[in-house]
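Visitor: predicted coordinates and the sequence they were generated for:
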Amino acid sequence: MRIEKSYLIETCRGLWLLFFLVLSSLPLQAQDERPQPQPDGVEDILRFVPMASVYVLKGCGVESASSWRRLLVNNAASLVVGAAVTYSVKFSVSSERPDHSDDHGFPSGHSMVAFAGAHLLAKEYGHHSPWISVAGYATATAVSIERIRHDHHNWWQCAAGAAIGIGATEVGYWIGDKLTGERSRLSVVPTPNGIDVAYTF
């Protein structure tokens, strides 16, 4: 069987063209296959659950340690303090995220919000059951774990965010009580038979 010379030339040209296209696509393919920063997951919403739970319980008539006025003022003060500390540190300390997306990984803002909400829940409703506090802190911990799992933060970045969130809540309550002149409506009184928790209406 005779093969035309022109057919062989065209076939070789086609193979060389295909080879060139494959080689030229390799750098692009390697670039596309590099690990990309993962998008935020469930923790993006979960971080608000402990704080939202406080208002849901309050709205349902479950007695909290604070009046509506004290709760709103103290919570607002806590968030302002937490955000101010978190973002001033984020943009003054260079700390790269594990996914290399930027160098503003320290501290974790998600962990700050989650633990601020968990501490708020514990302060307002921990007297009803210790499991309420446990649930709040467990949810906040799950947020931090998800941030680490998605390579948005290291564990110590999340730990710093958690510490700031808890500390900001304590400072927020101190500032808020100075502004409103109110105090917790709960008082713990030691008695010969144990400890009594008194609630002031």
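Guide: Received the coordinates, thanks. Residues are numbered from 1 along each chain as shown.
Visitor: how many residues are close by residue 102?
Guide: With neighbours defined by other Cβ atoms under 10 Å, the count for residue 102 comes to 12. Heads up, the C-betas are built off the backbone N, CA and C, glycines and all.
Visitor: how about residue 41?
Guide: When neighbours are counted by other Cβ under 10 Å, residue 41 registers 14.
Visitor: confirm that it sits in a strand.
Guide: No - counting by DSSP: H, G, I helix; E, B strand; the rest coil, residue 41 is not found in a strand; it is coil.
Visitor: in the chain, where is pLDDT below threshold?
Guide: Where the chain drops to pLDDT under 70, the residues are 1-40, 185-201.
Visitor: how about a cut-off of 90?
Guide: 1-44, 99-102, 104, 150, 180-201 (pLDDT under 90).
Visitor: now do the helices in the protein.
Guide: Listed from the start of the chain, the chain has helices (DSSP state H) covering 5-32, 43-46, 49-59, 68-90, 109-125, 130-149, 155-180.
Visitor: reformat these as TSV; add distance to residue 101.
Guide: Compiled in TSV, the helices of the chain are given as follows (distance: least, Cβ to Cβ, whole Å):
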stretch	distance to residue 101
helix 5-32	16
helix 43-46	15
helix 49-59	25
helix 68-90	13
helix 109-125	14
helix 130-149	13
helix 155-180	13
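Visitor: of those, which is nearest residue 97?
Guide: helix 155-180 (8.0 Å; Cβ to Cβ).
Visitor: list the buried ones in that closest one?
Guide: Going by neighbour count (16 or more other Cβ atoms under 10 Å), the buried part of helix 155-180 is 157-162, 164-169, 171-173, 175-177, 180.
Visitor: returning to that earlier point: which among the helices of the chain is found nearest to residue 98?
Guide: Comparing the helices of the chain by their distance to residue 98 (Cβ to Cβ), the top pick is helix 130-149, with 8.0 Å.
Visitor: buried stuff in the closest one?
Guide: Taking 16+ other Cβ under 10 Å as the basis for neighbour counts, the residues of helix 130-149 that come out buried are 132-133, 135-137, 139-144, 146-148.
Visitor: that helix vs helix 49-59, what angle?
Guide: Helix 130-149 runs at 150 degrees relative to helix 49-59, counting by axes from the mean of the first three to the mean of the last three Cα atoms, to 10 degrees.
Visitor: and stretch 131-148, how far out from the chain's middle?
Guide: Relative to its parent chain, stretch 131-148 has a centroid offset of 10 Å by Cα atoms, centre = their mean, to the nearest Å.
Visitor: still on that earlier bit, hmm, which two among the buried residues of helix 130-149 are most spread apart?
Guide: In terms of Cβ to Cβ, those reach their longest pairwise distance at 132 and 148, which sit 25.4 Å apart.
Visitor: output the buried residues of helix 130-149 in JSON lines; the columns should cover distance to residue 41.
Guide: Below are the buried residues of helix 130-149 laid out as JSON lines (distance: Cβ to Cβ, whole Å):
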{"residue": "132", "distance to residue 41": "25"}
{"residue": "133", "distance to residue 41": "25"}
{"residue": "135", "distance to residue 41": "20"}
{"residue": "136", "distance to residue 41": "20"}
{"residue": "137", "distance to residue 41": "20"}
{"residue": "139", "distance to residue 41": "14"}
{"residue": "140", "distance to residue 41": "15"}
{"residue": "141", "distance to residue 41": "15"}
{"residue": "142", "distance to residue 41": "11"}
{"residue": "143", "distance to residue 41": "10"}
{"residue": "144", "distance to residue 41": "13"}
{"residue": "146", "distance to residue 41": "6"}
{"residue": "147", "distance to residue 41": "9"}
{"residue": "148", "distance to residue 41": "12"}
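Visitor: having no further points to raise, I will conclude here.
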